[in-house]
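1. Structure of the sequence below:
(6 chains)
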4 protein chains.
Amino acid sequence: MKSKEEVVQEFRIHTIQEATMRVIARKGMAAATMQEIAEEAGVAKGTIYLYFRDRDELVEKTFETAMTQLGDRIDKVLETSLSFEEKLREAIRVRLAFFRENREFFRLYLSLRMPEGTPQQQRRQKRTCHPQYRTRVQKFAEVLKDAMKRGEIRELEQYRLALFVIEGSTAIILERLNEEAPPPEEADVEFMTQLILDGVRKR
Amino acid sequence: MKSKEEVVQEFRIHTIQEATMRVIARKGMAAATMQEIAEEAGVAKGTIYLYFRDRDELVEKTFETAMTQLGDRIDKVLETSLSFEEKLREAIRVRLAFFRENREFFRLYLSLRMPEGTPQQQRRQKRTCHPQYRTRVQKFAEVLKDAMKRGEIRELEQYRLALFVIEGSTAIILERLNEEAPPPEEADVEFMTQLILDGVRKR
Amino acid sequence: MKSKEEVVQEFRIHTIQEATMRVIARKGMAAATMQEIAEEAGVAKGTIYLYFRDRDELVEKTFETAMTQLGDRIDKVLETSLSFEEKLREAIRVRLAFFRENREFFRLYLSLRMPEGTPQQQRRQKRTCHPQYRTRVQKFAEVLKDAMKRGEIRELEQYRLALFVIEGSTAIILERLNEEAPPPEEADVEFMTQLILDGVRKR
Amino acid sequence: MKSKEEVVQEFRIHTIQEATMRVIARKGMAAATMQEIAEEAGVAKGTIYLYFRDRDELVEKTFETAMTQLGDRIDKVLETSLSFEEKLREAIRVRLAFFRENREFFRLYLSLRMPEGTPQQQRRQKRTCHPQYRTRVQKFAEVLKDAMKRGEIRELEQYRLALFVIEGSTAIILERLNEEAPPPEEADVEFMTQLILDGVRKR
DNA sequence: CATGAATGAGAATTCATTCAT
DNA sequence: AATGAATGAATTCTCATTCAT
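-> Numbering: from 1, shown residues only, chains lettered A, B, ... in the order given. Alright, predicted model coming up:
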């Protein structure tokens, strides 16, 4: 069982991460300062450093925490025994819902899923995608592979297909979040599902 | 005819913009400093300010210059009288080629096409896409509309469709640029073209 | 009662303002850098920005603080029920003493009482005197008006008269501060008092 | 006789100095840049350096040239055999006229007559008045001395008296230049003359 | 001589991080 | 553990000065 200290600690971490997402959502990654995050969280700047080594780690862990939540929700869908079409529709539905409920996280997600420089960084590493993002893509690629085996969909390079579908739908989610009056969620779910399944060609 | 001064000026601007793209490609938007851009361009810091008001304008103009080049190339394709399928294939081909030839620009493109905070910014404007990006999407949406009218493709919301296709293919381009040994370009062109046209469903 | 934090804060502000005056006294307004002020105050550059928005505010507030001190001392004299001659003599005495005690402030006073450009300024406003200076002149003009009403002095345009007297005596104070061995303060007090009262004409 | 080259040279110098005064009048000493002065003068930045070692020398020489003009005009008055009262009145009249005709110079005069820091300067010299200004004061002090000898005015310390009168009247000239509708020049000439001669005391 | 593009030292300001309380 | 004042490295931008044309 968790000791009282652990509970308090987890609560602090949670509070800080929530604040981090809100501030990044408001100001963007680059303009989000430790000062503002601290204020938003209602703690002192120094307190953040008790739980996170530095700014990079704070952002990183915040991203991971939220990504894990999203991942868990999607995994739950993908691990069912639904048909591919149903899994696809449901996964899209879950993503739309998750980003609606976690609007703040979306900006962070946009910044981190793909390579982007952070302030202060000097590293010259070959930029690739964030590991968690890559894992997500891979899991989806697995599902695609299964569907191919079962003859539900055509044989296609799975990783590329996964990327295409995920980024295509991310674009539409962003569009929705920027729209004054977006259409019903279900309409976009259906739009994407059909698009992915049947393409654009008239038959 | 251009005077000698104009030629020199254009050359300088070009050199600086090239350097800007290289540095952003290496360090990312946020970590790209004026100092490093100047070094990369082989000029003094102050020189950059002779041609660009400030960092924001440098980045903005650099983005616009490259986007205009890409846009021109794609427009040339879209304005032909090819069938939709051929236009789509050719447009994808052009994008792949452009980003292969302008690897450096791609990172800048990733940073700017979509809302992301720039340093120093305090603005609280509703974040939406970069105007040039939006224009690109809209032009593609027009082409889709025409194809619908001509019965080549199904009736679908065009702007969303355009976004989905563009971002989906951008993801694959990024993947290619990060791959040690990407498949032949033509393979990915065909992959995407068929995917968009026919979807994933087996028939 | 003041909390400990307030005391510390006020002390810091005081220290920084003192340093500001010393540096300006040494280098002049334009050449006084934040770096040097910080060193003089024995704090880091950044610390100054905890207490003052920017260089302009630092200089402005420093000026105002000292001007207010001087103003208070002079007001105390002007609000007594002394005769005009006594008020004048006493006010001059106070000014001489104040600038002796606050030598450093005097350079700042010379720079700011009257219009002069500050670095970075682009403003094209009609330059006039500093509000605090103007207030000082006006208060003295009021006293002159009273003395006229009471028939102690001749009827003259008061604001101009106030300006003349203040700037005339400022010049002598500057002279004193630059002299190796200035005459006793009381001598200059008497010199100015008699000059203002009786002019130069022999009778 | 002057060679053609000398004439051209003198003309250039004159043009540049005029421009310098106008720019300083507009922007103030600190904000007056070489670039703007060059533009105002209609020459290239580099050209200025053909005639003046650096910014300091440009400003210095410009000040001196104008001060010499003012000095010459005043000397012409002081060297007449007028009575002291007439000399005083006439000298004030000349100063008022000169600064009306050379409004631009006035700002430079305010900046330089008295010690003030110039940008880039590191010197730690004891700040005193500008030599030309000091000379002016001294000449006026001589005239005062003569008037004392001749019994026209009371015996007073001359240098201090000169300073007081000059700075007092400078303040009024500044006031005039800032006024929307200043009184007739002659009124202020008379105001100052009588003030200096008779003081403020009612008799 | 005249030019003005190029230079780079230097200034203001920001903000992640530390550490005494 | 929590705080937040203090720090100073890092960054952007300016402008006097130089020098190749």
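2. Now do the same contact list for residue A:75.
-> Going by Cβ atoms under 8 Å, 6 or more residues apart in numbering or on different chains, residue A:75 touches residue A:139. (Glycine included, C-beta is placed from N, CA and C.)
3. Where does it fall, secondary structure wise?
-> Using DSSP states H and E, residue A:75 sits in helix A:55-78.
4. From residue C:6, how far off is the closest residue to chain C within chain A?
-> Across chain A, the shortest distance to chain C (Cβ to the nearest Cβ) belongs to residue A:35, at 11.6 Å. According to Cβ to Cβ, to the nearest Å, residue A:35 and residue C:6 sit 22 Å apart.
5. ok, now residue A:198?
-> Residue A:198 is 71 Å from residue C:6, by Cβ to Cβ.
6. So the two - more neighbours on which side?
-> residue A:198 (16 against 10; other Cβ atoms under 10 Å in any protein chain shown).
7. Name all residues that make contact with the more buried one.
-> By Cβ under 8 Å, 6+ apart, the neighbours of residue A:198 are B:154, B:198, B:199, B:201.
8. Just the element for residue A:93, please.
-> Assigned by DSSP H and E, residue A:93 falls in helix A:84-101.
9. Now do that helix against helix A:55-78, angle only.
-> Per axes from the mean of the first three to the mean of the last three Cα atoms, to 10 degrees, the angle that helix A:84-101 makes with helix A:55-78 is 140 degrees.
10. Quick one: distance of helix A:84-101 to the chain centre.
-> 12 Å (Cα atoms, centre = their mean, to the nearest Å).
11. Show me the contact partners of that helix.
-> Applying Cβ under 8 Å, 6+ apart, the set of residues contacting helix A:84-101 is A:69-70, A:73-74, A:77-78, A:80, A:82, A:105-106, A:109, A:140, A:143, A:146-147, A:150, A:152-153, A:169, A:173, A:176-177, A:185-186, A:188-190, A:192-193, A:196-197.
12. Among these, which ones are in helices?
-> A:69-70, A:73-74, A:77-78, A:105-106, A:109, A:140, A:143, A:146-147, A:169, A:173, A:176-177, A:185-186, A:188-190, A:192-193, A:196-197 (DSSP state H).
13. Walk me through the domains of chain A.
-> A:1-52, A:55-200 (automatic domain parsing).
14. for chain A, which spans come out with low pLDDT?
-> A:1, A:115-127 (pLDDT under 70).
15. Give me every residue in it lying close to DNA strand F.
-> Within reach of DNA strand F by Cβ under 7 Å from any atom of the strand, chain A has these residues: A:5, A:8, A:9, A:12, A:43, A:44, A:45, A:46, A:47, A:49, A:50, A:120.
16. can we see that at 6 Å?
-> Taking Cβ under 6 Å from any atom of the strand as the contact definition, chain A meets DNA strand F at A:12, A:43, A:44, A:45, A:46, A:47, A:50.
17. Pipe the residues you listed into TSV and attach distance to chain B, neighbour count and secondary structure per row.
-> As requested, the residues of chain A next to DNA strand F are exported to TSV (distance: Cβ to the nearest Cβ, whole Å; neighbours: other Cβ atoms under 10 Å in any protein chain shown; DSSP: H, G, I helix; E, B strand; the rest coil):
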residue	distance to chain B	neighbour count	secondary structure
A:12	26	16	helix
A:43	23	17	coil
A:44	23	11	coil
A:45	20	14	helix
A:46	24	9	helix
A:47	24	15	helix
A:50	26	12	helix
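18. Export the residues you listed as CSV, with columns for distance to residue B:27.
-> Output for these, formatted as CSV (distance: Cβ to Cβ, whole Å):
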residue, distance to residue B:27
A:12, 33
A:43, 31
A:44, 32
A:45, 26
A:46, 29
A:47, 31
A:50, 30
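19. For residue A:90, see how far away residue A:176 is.
-> Counting by Cβ to Cβ, the gap from residue A:176 to residue A:90 is 18 Å.
20. same question, residue A:186
-> 12 Å.
21. quick one: residue A:23 and residue A:35 touch, right?
-> No: using Cβ atoms under 8 Å, residue A:23 is not in contact with residue A:35; the gap is 9.7 Å.
22. quick one: which of these two has more around it?
-> Using other Cβ under 10 Å as the criterion, residue A:23 and residue A:35 rank with residue A:23 on top: 25 against 10.
23. mind listing what residue A:102 touches?
-> Per Cβ under 8 Å, 6+ apart, neighbours of residue A:102: A:21, A:66, A:69, A:70.
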